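>>> The following comprises the amino acid sequence and a computationally predicted model.
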Number of protein chains: 2
Amino acid sequence: MSSLDALKSRLYDLNALGSAVAIMDWDQQTYMPRGGADARGEHVGRLSRMHHELLTADETRNLLEKAKTEATPESDDAALLRVVGRELDLATKFPSSLVEEKSKLSALAHEEWVKARATNDFKSFAPILERMFEIAKQEADFLGYTDHVYDALLDQYEEGSNTADAQAMYDAIRGPQVELVKQIQELPETDDSWLYGDWDILAQSRFTEEIVQAIGFDFERGRQDTAPHPFCSGWSVGDIRLTTRYKDYLGSAIFGSLHEAGHGMYEQGSPRAWDRTPLAGGVSYGLHESQSRTWENIVGRSRAFWQHFLPHLQRAFPQIAGKDLDTFYKAINKVKPSLIRVEADELTYNLHTMVRFEIECDVLTGALAVKDIPEVWNAKYTDYLGVTPPNDSEGCLQDVHWSMGSIGYFPTYSMGNLLSYQIWNALERDIPNTQDLMAAGNFKPMLEWLQANVYSQGKKHKPKDLIVQVTGKPMEATDYLQGLGAKYREVYGL
Amino acid sequence: MSSLDALKSRLYDLNALGSAVAIMDWDQQTYMPRGGADARGEHVGRLSRMHHELLTADETRNLLEKAKTEATPESDDAALLRVVGRELDLATKFPSSLVEEKSKLSALAHEEWVKARATNDFKSFAPILERMFEIAKQEADFLGYTDHVYDALLDQYEEGSNTADAQAMYDAIRGPQVELVKQIQELPETDDSWLYGDWDILAQSRFTEEIVQAIGFDFERGRQDTAPHPFCSGWSVGDIRLTTRYKDYLGSAIFGSLHEAGHGMYEQGSPRAWDRTPLAGGVSYGLHESQSRTWENIVGRSRAFWQHFLPHLQRAFPQIAGKDLDTFYKAINKVKPSLIRVEADELTYNLHTMVRFEIECDVLTGALAVKDIPEVWNAKYTDYLGVTPPNDSEGCLQDVHWSMGSIGYFPTYSMGNLLSYQIWNALERDIPNTQDLMAAGNFKPMLEWLQANVYSQGKKHKPKDLIVQVTGKPMEATDYLQGLGAKYREVYGL
């Protein structure tokens, strides 16, 4: 057997272990009874350790080095080896003492964060958060960087992107977005109260499955279930799982489902030959998010989409039968700056991630002390969003991520927003009549274009290369700002 | 670290791998989309191989031998080492060439069996089945036996039981059961046609969850889903999964759920300290089946049970509101000899497994040629059940087991039937008023007794020792024949 084949066999074993963890995680968030939590933690912990041991075994590195001499340059195999090499580097750069400390601190930090948020007590959480940022700095040192400590952290989630990219992105959008939000704030608030109610869950389930299937999610190779925090998971191009949730806001299930289906169709679009290998799946957090945002926002919050689906929705929910398309369209695109990121509308979302990015950078460079985060947080919310958190629970304590030590990836959400418009514009150069197609309930040409240009590429190209290949230029804010600006000026008659 | 602790850590790793396979299997039978089958097969295959490699590694045997010198005699640890030793023996006795051949033959045999059953063509299946029986004989040789080739095969499923036990069992029940069935056959057929219909699935789901919870299955530590072929699975004392199915016969879901809940409560009853170790769970196929049959038949098909639950059932299904307890009780205990084992009633079930046992023994000893199975099968059905299969699809081709090479375990079903009555009689010596308690909807004293005497014992004792410990005697047919005879003579007024 060649080293390449031996390596591939090992990769399939790694995939089996990783898939076991993924399905256990999916089950935990969808069906697992409460009593299963202890054993689930043990099982996932042990399988993750086996995965790590097999990945970082000397033999894996040996096989990888030998396989490099066997793979044809520019081939899929060569791309596979590059991706595996990066995974192996990321898995081996941290000393196990650091990994262990972070793991223990995360467990403790999560508990303390829950308490601190419940009692609105940032001070009690601050020392642990300080230690978590120190660990992030150490991680950056082990990963290595040339310009900015944040570069190393961001690169884990978005290969090749650095702090300068993120800063340029936020510099470009900060002014126009803040300004547009301010203008909208001066107008009368859109009434969307009629989108809140006690909606039948079965009807929501059926309607969301209908639209998700209509845009192209393949239910022969996937399904949708319910989870408290919606997510998309999967362990094969033939088995991709969406989740959604049913709340008093009718849009929660609808846009949640479309969002996760965007992730899901990206995953379903990998070539079958790459199934269960590291080449399958989305290439980066930003690119992945660009597709969830495309189907949620550019498609799902368009007038054309609802020209087709509003009558269906009104059949499922006769309570809103009296609303015309224009009223409905304005309601689902209501802009209202709020305190909580996960509830933010399309227009203000980036302002939330910007706050976190700026604070993370300043804490990492030492420009900001952890104890001063609440003050800076509140000032930035006031500046960018025009709203001031009344307490830290609704302010800097709202997100779970810092307690987990997930520092460095908030910009990928905004990159996803920018890329969604940039890629969609490229798509519209080939398919100029997207609005007509959507109004007719025909999403196939757009899915096929995305499938051919993005989804079928898996992780073969580096994210930045793929962006240029697909859109003809590196990521930039123009398409996004123009698209979003035009849309919301029209919605609000500005 | 002691060798005992090192071994335990390895056992927890093995449990994690085994649990991954179990949850993948559960998912495959409940929720997996069709497209997930290929990857699921690969994942399960690889994880099973990793499990086998880790279990049969030299280091496992070394640790086991050293640990034996460390464990206190008669302790839980000593029992654990005994159970692990048996698992290790079973996993290492077959040469890998035989395992591989059987695995390949099974895949082929399954395909051929499906085809043969569809076209009613035993002849085309016979050569493969012949090879499968030869492999079973080889397996018996590798396992070792003194008296009968079947001893080795049966012992895999029912530790310590041998062919003589199974023969004695069938010899004891053959006469009385065949005679009773004949007597009933001469009476007018019970009308249970009103138990067939188009029953609301949600109502079936709610009702079965109600009764399963009422008898003591803990939904904080388990759940019930739907599967084409109901089963019980689990990977922790805190996470036991039942499945049921909804058919036109209302009893399918009800008795299926009670049956699986019997398995489930046995699993939920293991001591928490043994969770995720080989000491947890049911001790043998026969003992496990005894508990599913107890809750399905002795409890679930009793008049007392329905004295309590019939009004509930009639609220859920107003279509049967007019039926009185006596009519209902007689209908759910209708005896009608039929061709298909999995649809057999309580009274005739053993006659089905007896046919298989007798045929398996005769083929293994050479007394019967595989090509002659259909003739013998049909003769035995005519003799024991008074019905003759019109073709082999409804005869010797009906079960999947032989195609998988699962030869040697049909007697455990009948052992379960015998043991259910024998254990229940022991229970009634301590709790004489079981019928009053059930009629009042109170199942707690019985569950607590079974929990204390059987479920909490896990695999600590050998099956035969546990039976004597619980009932004061080895397994025998008296309690079963008396209990079943009395019941059905009363039902049919004989």
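Here it is on my side, so go on. Here the structure is a predicted model, which is why all the values come from computation and not from measurement.
>>> domains for chain A, by residue range?
A:3-92, A:124-494 (automatic domain parsing).
>>> Of these, which stretch is the most buried?
domain A:124-494 (a mean of 19; mean count of other Cβ atoms under 10 Å in any protein chain shown). C-betas here are computed from N, CA, C, even on glycine.
>>> quick one: it to chain centroid distance?
Chain-centre distance of domain A:124-494: 6 Å, with Cα atoms, centre = their mean, to the nearest Å.
>>> For it, give the mean pLDDT please.
Per-region confidence: domain A:124-494 scores 97 on mean pLDDT.
>>> ok, it near chain B or not?
Yes. For domain A:124-494, a contact with chain B is found by Cβ under 8 Å from any Cβ of the partner chain, at A:218-223, A:225, A:235-239, A:275-276.
>>> how long is that domain end to end?
46 Å (Cα to Cα, to the nearest Å).
>>> what packs against the longest helix anywhere in chain A?
For chain A, the longest helix by residue count, based on DSSP state H, is helix A:3-30. Counting by 3 or more Cβ pairs under 8 Å, 6 or more residues apart in numbering or on different chains; DSSP states H and E, the packing neighbours recorded for helix A:3-30 are helix A:37-55, helix A:58-70, helix A:76-92, strand A:232-236, strand A:239-244, helix B:3-30, helix B:37-55.
>>> Quick one: the helices in the stretch 301-450 of chain A, in order.
With DSSP state H, counting those that start in this stretch as the criterion, the stretch 301-450 of chain A has helices at A:303-316, A:325-332, A:349-365, A:373-380, A:410-430, A:434-439, A:444-453.
>>> Among these, which comes closest to A:Glu260?
Evaluated over these, closeness to A:Glu260 peaks at helix A:410-430, with 13.6 Å, by Cβ to Cβ.
>>> quick one, the closest one and helix A:349-365 angle?
140 degrees (axes from the mean of the first three to the mean of the last three Cα atoms, to 10 degrees).
>>> what angle do helix A:410-430 and helix A:444-453 make?
Using the same axes, to 10 degrees: helix A:410-430 against helix A:444-453 is 120 degrees.
>>> Now do the contacts for A:Gln307.
Counting by Cβ atoms under 8 Å, 6 or more residues apart in numbering or on different chains, A:Gln307 touches A:Leu325, A:Met438, A:Ala439.
>>> hmm, 10 Å instead?
The contact partners of A:Gln307, by Cβ atoms under 10 Å, 6 or more residues apart in numbering or on different chains, come to A:Leu325, A:Phe328, A:Tyr329, A:Gln435, A:Asp436, A:Met438, A:Ala439, A:Ala440, A:Gly441.
>>> Repeat that for A:Gly269.
A:216, A:218, A:237, A:240, A:280-282, A:291, A:447-448, A:450-452, A:454-458.
>>> And the residue of the stretch 301-450 of chain A that's closest to chain B?
Minimum separation of the stretch 301-450 of chain A from chain B (Cβ to the nearest Cβ) falls at A:Leu447, amounting to 17.0 Å.
>>> Please name the nearest non-neighbouring residue to that residue.
A:Gly216 (4.0 Å; Cβ to Cβ, 6 or more residues apart in numbering or on different chains).
>>> Touching, that neighbour and A:Leu450? I think so.
Yes. Between A:Gly216 and A:Leu450 there is a contact at 9.1 Å, judged by Cβ atoms under 10 Å.
>>> How much space separates the residue nearest the centre of chain A from A:Val283?
By Cα atoms, centre = their mean, the mean C-alpha position of chain A lies nearest to A:Glu289, the distance being 4.4 Å. Distance, A:Glu289 to A:Val283, by Cβ to Cβ, to the nearest Å: 12 Å.
>>> Can you work out which residues contact both of those two?
By Cβ under 10 Å, 6+ apart, the residues touching both A:Glu289 and A:Val283 are A:Glu158, A:Tyr266.
>>> residue contacts, the nearest residue to A:Gly234 once chain neighbours are set aside?
Closest residue in space to A:Gly234, ignoring its immediate chain neighbours: A:Ile240 at 3.8 Å, by Cβ to Cβ, 6+ apart. By Cβ under 10 Å, 6+ apart, the contact set of A:Ile240 is A:217-219, A:221-223, A:232-234, A:260-261, A:263-270, A:281, B:33, B:35-36.
>>> mind running it again at 6 Å?
For A:Ile240, the contact set (Cβ atoms under 6 Å, 6 or more residues apart in numbering or on different chains) comprises A:Gly222, A:Gly234, A:Gly264, A:Glu267, A:Gln268.
>>> again with A:Glu158
Contacts of A:Glu158 by Cβ under 6 Å, 6+ apart are A:Ser284, A:Tyr285, A:Gly286, A:Thr412.
>>> Check which element follows the host helix or strand of A:Lys182 along the chain.
In the assignment (DSSP states H and E), A:Lys182 maps to helix A:163-185. The helix or strand immediately downstream of helix A:163-185 is helix A:201-215, counting by DSSP H and E.
>>> could you give the angle of that next one to helix A:303-316?
Using the same axes, to 10 degrees: helix A:201-215 against helix A:303-316 is 150 degrees.
>>> Just checking, which helix or strand succeeds helix A:201-215 along the chain?
strand A:222-226.
>>> Walk me through which strands that following strand pairs with, and which way each runs.
strand A:239-244 (parallel) (DSSP bridges).
>>> Who are the packing partners of the helix or strand that A:Glu490 is a member of?
Assigned by DSSP H and E, A:Glu490 belongs to helix A:478-492. The elements that helix A:478-492 packs onto, with contact taken as 3 or more Cβ pairs under 6 Å, 6 or more residues apart in numbering or on different chains; DSSP states H and E, are helix A:410-430.
>>> Give me the residues contacting the helix it packs on.
A:157-158, A:166, A:285-286, A:289-290, A:293-294, A:298, A:350, A:353, A:356-357, A:434, A:449, A:470-471, A:475, A:477, A:479-480, A:483.
>>> roughly how far apart are A:Ala78 and A:Lys460?
To A:Lys460, A:Ala78 is 9 Å away according to Cβ to Cβ.
>>> A:Gly35 too?
According to Cβ to Cβ, A:Gly35 stands 43 Å off from A:Lys460.
>>> and what of A:Glu87?
A:Glu87 is 15 Å from A:Lys460, by Cβ to Cβ.
>>> mind putting the contacts of A:Gln307 in JSON lines, distance to B:Arg131 included?
Shown next, in JSON lines, are those (distance: Cβ to Cβ, whole Å):
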{"residue": "A:Leu325", "distance to B:Arg131": "68"}
{"residue": "A:Phe328", "distance to B:Arg131": "67"}
{"residue": "A:Tyr329", "distance to B:Arg131": "68"}
{"residue": "A:Gln435", "distance to B:Arg131": "64"}
{"residue": "A:Asp436", "distance to B:Arg131": "63"}
{"residue": "A:Met438", "distance to B:Arg131": "59"}
{"residue": "A:Ala439", "distance to B:Arg131": "63"}
{"residue": "A:Ala440", "distance to B:Arg131": "59"}
{"residue": "A:Gly441", "distance to B:Arg131": "56"}
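>>> Going by distance to A:Arg49, which of those residues wins?
Of all the contacts of A:Gln307, A:Arg49 sits closest to A:Met438, with 47.2 Å by Cβ to Cβ.
>>> Test my guess that A:Met475 contacts A:Asp465.
No. A:Met475 is beyond contact range of A:Asp465, at 11.7 Å (criterion: Cβ atoms under 6 Å).
>>> between these two, what contacts are shared?
Common contacts of A:Met475 and A:Asp465 (Cβ under 6 Å, 6+ apart): none found.
>>> Tabulate the domains of chain A (CSV), appending distance to B:Met132.
Shown next, in CSV, are the domains of chain A (distance: least, Cβ to Cβ, whole Å):
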stretch, distance to B:Met132
domain A:3-92, 28
domain A:124-494, 31
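>>> Isn't A:Gly441 up against A:Leu310?
No. Assessed by Cβ under 6 Å, A:Gly441 is found out of contact with A:Leu310, at 11.5 Å.
>>> before we move on, the earlier item: now the angle from the helix holding A:Lys182 to helix A:478-492?
Using the same axes, to 10 degrees: helix A:163-185 against helix A:478-492 is 10 degrees.
>>> Helix A:163-185 packs against which elements?
Against helix A:163-185 (3+ Cβ pairs under 6 Å, 6+ apart) you get no helix or strand.
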